[in-house]
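J.: Build me a model from this:
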Amino acid sequence: MQIPSLAEIKKELSHLNEQELKDLIVDLSKFSRDNKAYLFFKLYGRDSPGLYLQMVQEELETEFDLARADHSYYAKKSIQKIRRKMNKLLKLSKHKPDQVEGLLFFCEQMKEHGFLEHDNRVIDNLYQVQLNKVQKLISTLHEDLQFDYEGRVEELA
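T.: Alright, predicted model coming up:
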């Protein structure tokens, strides 16, 4: 089965009436949790822009509280799991400052919960990759925002 291009899908969507579009969106949101989360953030994010970032940080904080950092192996596996979840959540946001805040929060939590105390190359590399992502995202932001975030990045490095 060949899936049509995005342009073809847009063309077909333009032929649907309002009720059919609503039904289609509801059906899409039932397919996966990601679709439902994306729809939720698009609908409610307009009214309160900080809601998405706050929810991501709460989710990551609970994951860090549940993570095992007592042994190097478990710490590595836990932090990889949390990173996958964070990447999945940040993918829903196209707003770069939110992505920077999420990544910085992740790095701060790694440091706070003692994941960097293990002499584990995988954990250290994961931390450095996240810091590099932050620096890359910061370079695309406005100069004022860049200045604000540079201090936080230097503290973490």
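J.: tell me which residues in the helix or strand harbouring L60 are buried?
T.: In this assignment (DSSP states H and E), L60 forms part of helix 51-66. Across helix 51-66, burial judged by 16 or more other C-beta atoms under 10 Å covers Y52, L53, V56, Q57, L60, E63, F64. In short, each C-beta sits where N, CA and C put it, glycine included.
J.: how near is the fifth one to K22?
T.: With the distance defined as C-beta to C-beta, to the nearest Å, L60 ends up 33 Å from K22.
J.: so what does the lowest-mean-pLDDT helix or strand in the chain touch, helix or strand wise?
T.: In the chain, no helix or strand scores lower on mean pLDDT, DSSP states H and E than helix 33-44, which sits at a mean of 80. Applying 3 or more C-beta pairs under 8 Å, 6 or more residues apart in numbering; DSSP states H and E, we find helix 33-44 packed against helix 18-31, helix 51-66.
J.: Report the rounded mean pLDDT for the shortest one.
T.: This points to helix 18-31. The average pLDDT within helix 18-31 is 90.
J.: tell me which residues of stretch 95-107 are tucked away?
T.: Buried-residue list, stretch 95-107, by 16+ other C-beta under 10 Å: P97, D98, Q99, V100, E101, G102, L103, L104, F105, F106, C107.
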